[in-house]
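J.: task: produce atomic coordinates for the following.
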Amino acid sequence: MWDYRKQPATPDHLTIRVTHRDDPVSQVTELDAIHGGQRYPGIRVRGPLFGFAVQTPRDRPRWRLLDSMRTGFPQDARDELNSYLWLYAKDEAKDHRERRRLLAGVARLEKERIDELHVGRDRYRIVRADEFARIGNGELEPPRPTDHPEDTHWDLEKREPASATVGFVVDHAAEVQLSEGLERLELLESVYTSARFPPDVLADSRRALRTHPGVVLLPPAFRVLERLEESWTMFLAQQFDTPQAARRALVDYFLKTVPMLQEIPGWEAEYSEKDLEVFTKAAHRFMRQRGPNEMRARGRTFQIVRVERMMRIGPDGPEPPRPSDQDHQGPTKIRPTMDEWGNISHAADEDDEGDEGDEEED
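T.: Numbering: from 1, shown residues only. All right, here's what the predicted structure looks like:
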């Protein structure tokens, strides 16, 4: 007779727990997700993004993201971790011993390309995720009605809402609704296949299926793209946490940045006040709408697009950068020198020997 109690437990990085939530908001969100998947069944992978996460004794075996996963290069994420640890040492360290441990991590990040770092009992890791957009009938998926419906204002001076990605707990075995569970199952065998990727990139993508077979979806993000004849191109480089934040950025660009620069990116004709007037009127028309996702002017089309980020998970947590990920930058000093007592040196010329001498003297 079969006894489930004697069966080996499935590892967390291979477990997907599906649940049903009865509250009205969850039900509407679930229905929205199902409709989105049906209307936009394909995916278009843009490439990797990088950030950093921490695993504390309290969190183990889970990891917690400490940034918004927006940078396209591993070294940028290492530099952000460098800055994070320095600021933590400056503002939050409990005593000089903890500050010394944090600054030792900073010192390593200033000189080494490392993707994992132990600071006391905490583990920090540079992590990667693949960004993709859903597509159907030649159209990229716009924001869903349930994507941050509370953010509707057009105040361009108001501070943007906090990122839902910062603080996100990477927990492969956490309960999710049916639509997310099915999407994760769909993505388990996803690999790079396009001929635009070099052979080492394709090989690393296939290898990740073995080393990091699980998949977690991060909170969605939003971008401003320009629609070309048969493709799309990034119009604004930023990634935004809400659809309305992306809309505000597009409007802000045409109302403030273009008049200041006196040029319109991608506009082949000579810049003129008439062109500025046309784009300004288009921006104001855009603002008079509720939840607009498309702005047209002078034959150009700008779109607000929903993007998702897929993070691969292995037995020991999130996937770090792959050998084939572009990583041409080197480590560097990000913040001024600080000693374990919190004293900061703002000297302009601090070479490695001087830093080492300061540490010994302290």
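J.: for the stretch 151-300 of the chain, what are the low-confidence residue spans?
T.: 268-271 (pLDDT under 70).
J.: rerun at 90
T.: 159-162, 194-197, 229-230, 258-276, 298-299 (pLDDT under 90).
J.: center of this protein - which residue?
T.: Central residue of the chain (Cα atoms, centre = their mean): Met69, 2.5 Å from the mean position.
J.: against His148, how distant is that residue?
T.: 17 Å (Cβ to Cβ, to the nearest Å). Where you see a C-beta, it was placed from the backbone N, CA and C, and this is true even at glycine.
J.: picking up where we left off before, shouldn't the residue nearest to the centre of the chain be within a helix?
T.: No - in this structure, Met69 is coil, not part of a helix, as judged by DSSP: H, G, I helix; E, B strand; the rest coil.
J.: who touches it in this structure?
T.: For Met69, the contacting residues are Leu49, Phe50, Gly51, Val127, Ala129, Thr165, Leu218, Arg309, by Cβ atoms under 8 Å, 6 or more residues apart in numbering.
J.: quick check: beta-bridge partners of the last one?
T.: With beta bridges defined as DSSP bridges, Arg309 has these partners: Glu131.
J.: count of residues packed around it?
T.: Per other Cβ atoms under 10 Å, the neighbour tally for Arg309 reads 23.
J.: re the thing from before, which one is the residue nearest to the centre of the chain nearest to, not counting chain neighbours?
T.: Distances taken as Cβ to Cβ, 6 or more residues apart in numbering place Gly51 nearest to Met69, at 3.8 Å, with adjacent residues excluded.
J.: which of the residues in the helix or strand where that neighbour lies are buried?
T.: Assigning secondary structure by DSSP states H and E places Gly51 in strand 42-55. For strand 42-55, burial by neighbour count (16 or more other Cβ atoms under 10 Å) applies to Ile43, Arg44, Val45, Pro48, Leu49, Phe50, Gly51, Phe52, Ala53, Val54, Gln55.
J.: got it, and stretch 168-178?
T.: Those would be Phe168, Val170, Asp171, His172, Ala173, Val176, Gln177, for stretch 168-178 by 16+ other Cβ under 10 Å.
J.: can you get me the start-to-end distance on it?
T.: 20 Å (Cα to Cα, to the nearest Å).
J.: residues in contact with it?
T.: 12-21, 26, 29-30, 33, 53, 59, 62-65, 127, 184, 214-216, 218-219, 311, 313, 317-318.
J.: now those: which count as buried?
T.: 12-13, 16, 29-30, 33, 53, 59, 62-65, 127, 184, 214-216, 218-219, 311, 313, 317-318.
J.: and the strands in the stretch 251-362 of the chain, which stretches?
T.: Counting by DSSP state E, counting those that start in this stretch, the stretch 251-362 of the chain has strands at residues 294-297, 300-314, 317-318, 337-338, 344-345.
J.: tell me the most buried of those strands?
T.: Among the strands of the stretch 251-362 of the chain, ranked by average contacts under mean count of other Cβ atoms under 10 Å, first place goes to strand 317-318 (a mean of 24).
J.: report the buried residues of the biggest helix by length in the chain.
T.: Taking DSSP state H as the criterion, the chain has its longest helix at helix 74-91. Buried positions in helix 74-91, judged by neighbour count with 16+ other Cβ under 10 Å: 74-82, 84-86, 88-90.
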